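[1] Need coordinates for the following:
(one chain, ligands or ions: 1)
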Amino acid sequence: MFQDPKRYQAKHHYVTSAGVDLVEVLDPQVEERILDLGCGTGQLSAQIAAVGAEVVGMDLSTEMVEAAREQFPDLSFVVGDARDFSFAEPFDAVFSNAALHWVKPPETALACIAACLGQGGRFVAELGGERNIATISRALIDQLAARGFHPQSPWYFPSLGEYARLVEQAGLRIAYASHFPRPTRLESESGLRDWLEMFAEELTADVPPAMRGELWDAVEDAVRLALYGDGGWHADYWRLRVVAYKE
Ligand code: BEZ
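    Predicted structure coming up:
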C-alpha cells in the first residue's frame, strides 16, 4: 500500500479532483456521520466535513493516515482494513473514492460496509471497473513477462453486473449504478512513469531498481500510440459508480 503521501499529493492530484463530483453525489448533510473508506491523505474527508458532517477517514496505510492527521488535525482518521472493520456507532453513509479496486475479496469489504451503516444509510462509491487501465496493465504485464516476472494483479476491476450482484448480496439496495470511461490526463511529461512508480509498486516488487528505468521506457513505448496525445499521457480509466441503501 502507499507509503509516500508527499509523492501521492504532489503528482497525483487527479485522484482527488475526480472524487470531487462523487462528494456531490454523496450530498453530505450537517451532522451526518460519514465514513470515508480509503481516505488517503484526507482531502475528500475534509471536503465532506466542510458542510458540517462528522467524518471518520479510514485507510490501510499508516503513512497516509499520519499525513491526513497532520493536514486536518480537527478531523478523525483511523488506520483500518476495509475487509475487517467495525464501529460502535452506525454511519449515515459510507463514501469511497478510488480505493475499493485495491480490496480483495470484495465480499468481505461489502459485508463490513453494510454492517456499519444504520437503517436507510447509503453507500456511495467509485472504483475502477472492467477495462480499467487495460492498456497500461496489459503492457506492463507483457513487459514484466518478457523479463521473467509473473506477478499477480493487485487490482479488482469488476463489471457493473458482477459488482451490483455483490452489493445486493451484502444486503444493500442499488439506487444507481454506472460504468463509464474516464480517460484521465496524467500530470506531466513523466506522468506515465510517475503513475507506474506510485501505483504499480506491488506488480514490480521483484524487479531490481536498476532494471526499472528500462522497464518504464518499454511500457511507454508499448502504449504511446494509444495513450499519448495533446502533449500528454492519458490513463485509460473506466469507472464504476454505485449508490446503494441499507433498508
Ligand atoms: C484507479 O484509480 O483506477 C487506479 C489507480 C491506481 C492503480 C489502479 C487503478
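
[2] How many residues are close by Leu110?
    Here the count is done by other C-beta atoms under 10 Å, and Leu110 has 26 residues near it. The way it works is simple: take the backbone N, C-alpha and C, and place the C-beta from them, glycine included.

[3] Compute the distance between the residue lying closest to it once chain neighbours are set aside and Glu66, please.
    Among residues not flanking Leu110 along the chain, Ala170 sits closest, at 3.8 Å (C-beta to C-beta, 6 or more residues apart in numbering). Ala170 is 31 Å from Glu66, where distance means C-beta to C-beta, to the nearest Å.

[4] In terms of neighbours, single out the busier of those two.
    In this comparison of Ala170 against Glu66, neighbours counted by other C-beta under 10 Å, the higher total goes to Ala170 at 20 against 15.

[5] quick one, what contacts the more buried one?
    Contacts of Ala170 were listed using C-beta atoms under 8 Å, 6 or more residues apart in numbering, and they are 107, 110-111, 113-114.

[6] Can you say which helix or strand has Val242 in it?
    Using DSSP states H and E, Val242 sits in strand 232-246.

[7] Can you give the distance of that strand from its chain's centre?
    Centroid separation between strand 232-246 and its chain, computed with C-alpha atoms, centre = their mean, to the nearest Å, is 9 Å.

[8] And stretch 82-91, by the same measure?
    Stretch 82-91 sits 19 Å away from the centroid of its parent chain (C-alpha atoms, centre = their mean).

[9] which residues sit against it?
    Outside stretch 82-91, the residues that reach it (C-beta under 8 Å, 6+ apart) are 33-35, 37-38, 56, 58, 60, 99-100, 103, 105, 108-109, 112, 115-118, 121.

[10] same thing but 10 Å
    With contacts defined as C-beta atoms under 10 Å, 6 or more residues apart in numbering, stretch 82-91 is touched by 32-35, 37-38, 54-56, 58-60, 78, 80, 94, 96, 99-100, 102-113, 115-119, 121-123, 246.

[11] So which of those belong to helices?
    Assigned to helices by DSSP state H, the following of the contacts of stretch 82-91 qualify: 106-113, 115-116.

[12] Could I get those residues in TSV, plus columns for pLDDT?
    Rendered in TSV, the data for the ones in helices among the contacts of stretch 82-91 read as follows (pLDDT from 0 to 100):
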residue	pLDDT
Pro106	98
Glu107	98
Thr108	98
Ala109	98
Leu110	98
Ala111	98
Cys112	98
Ile113	98
Ala115	98
Cys116	98
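
[13] just the buried members of these?
    106, 108-113, 116 (16 or more other C-beta atoms under 10 Å).

[14] Of those, which is the nearest to Ala226?
    Closest approach to Ala226 among those (C-beta to C-beta): Pro106, at 28.2 Å.

[15] Mind jotting down where the strands sit in this protein?
    With DSSP state E applied, the chain shows strands at 33-37, 54-59, 76-79, 91-97, 117-128, 172-185, 228-229, 232-246, listed in chain order.

[16] residues in contact with Phe77?
    The neighbours of Phe77, taking C-beta under 10 Å, 6+ apart as the test, are 36, 39, 41-42, 45, 55-59, 64-71.

[17] so what's Thr204 up against?
    Contacts of Thr204 were listed using C-beta under 10 Å, 6+ apart, and they are 140, 143-144, 149, 151, 196-197, 211-212, 215-216.

[18] same check, this time on Glu168
    Listed by C-beta under 10 Å, 6+ apart, the contact set of Glu168 reads 110, 174, 244.

[19] is stretch 58-78 anywhere near the ligand?
    No - contact between stretch 58-78 and the ligand is absent, the nearest approach being 13.6 Å (criterion: C-beta under 6 Å from any ligand atom).

[20] Any idea how far that stretch is from the middle of the chain?
    On the basis of C-alpha atoms, centre = their mean, stretch 58-78 is displaced by 16 Å from the centre of the chain it belongs to.
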